[in-house]
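Visitor: let me see the structure of the following:
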Amino acid sequence: MTVLSAGMGWVITIIPRIYTFYASTLLFFVFGVKLIRDGSRMTPEEEAEEFDEVTQELKKHDEDRENIRRESDPEAPPPTASDEQRARWQNDIANGILMQAFTMTFLAEWGDRSQITTVVLAARENPYGVAIGGTIGHAVCTSLAVVGGRMVAQKISVKTVTIAGGIVFLIFAFMSIVQGPDA
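Guide: Have a look, this model is predicted:
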């Protein structure tokens, strides 16, 4: 997704740089203000809502998998924990979990702030650097989410992350204004 976004940014370099500069600065400012506003208005119930949605989705996925297993062999005893662990990798791959994770991530990123920002940065800066930096950034974030998602979600609030993201966007907008379109 990041490479696609950087490529889209490279393509729009046909638009004069002055326009993409002011459009990107405006987008950074708007995203920053929106995130800070959303974060400051977020209630504890809204923060917990997203975590609960994901937990429910995972629970439903596990129930669906168990139903499929029972339908294929109703006489089979439930698997033990070690059997489950040993077969998990095979089952996840066979059940398309890799494709499901790819599809969910791809669709979740389509048109969000990170993609739009990547397009804008690639239009203003070196698209190769943007693609590499963006890919590394997404890899780190995704790795943290996979490895320590539950722990991080319990330690850092969605509200804090949202406000911090807004501040970063405002810093980008401020840096753009200070540097000017010819930087």
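
Visitor: quick one: the helices in this protein?
Guide: 2-11, 17-41, 44-72, 81-94, 97-109, 113-124, 127-155, 158-179 (DSSP state H).

Visitor: by mean pLDDT, show me the worst of these.
Guide: With a mean of 61, helix 81-94 has the lowest mean pLDDT of the helices of the chain.

Visitor: tally of neighbours for the closest residue to residue 20 other than its chain neighbours?
Guide: Nearest in space to residue 20, with sequence neighbours left out and distances taken as CB to CB, 6 or more residues apart in numbering, is residue 123 at 4.4 Å. Glycine gets a C-beta too; all of them are placed from N, C-alpha and C. Neighbour count for residue 123, taken as other CB atoms under 10 Å: 24.

Visitor: give me the phi and psi for residue 125.
Guide: Per-residue torsions, residue 125: phi -120, psi -170 (degrees, to the nearest 10).

Visitor: pull the number of nearby residues for it.
Guide: Neighbour number of residue 125 under other CB under 10 Å is 14.

Visitor: begin at 33 from here
Guide: I'll keep to 33 as the first residue from here, and by that count the last item is residue 157.

Visitor: pull up the gap between it and residue 174, please.
Guide: Distance, residue 157 to residue 174, by CB to CB, to the nearest Å: 23 Å.

Visitor: try residue 76
Guide: Applying CB to CB, the value for residue 76 to residue 174 is 26 Å.

Visitor: please apply the same query to residue 48.
Guide: 35 Å.

Visitor: more crowded one of those two?
Guide: More crowded of residue 48 and residue 174, by other CB under 10 Å: residue 174, with 13 against 9.

Visitor: I'd say residue 44 and residue 148 touch.
Guide: No: the pair residue 44 / residue 148 is not scored as a contact, 11.7 Å apart, by CB atoms under 8 Å.

Visitor: before we move on, back to that, just checking, the residue nearest to residue 52 touches residue 47?
Guide: Yes: taking CB under 8 Å as the definition, residue 155 is a contact partner of residue 47 at 7.3 Å.
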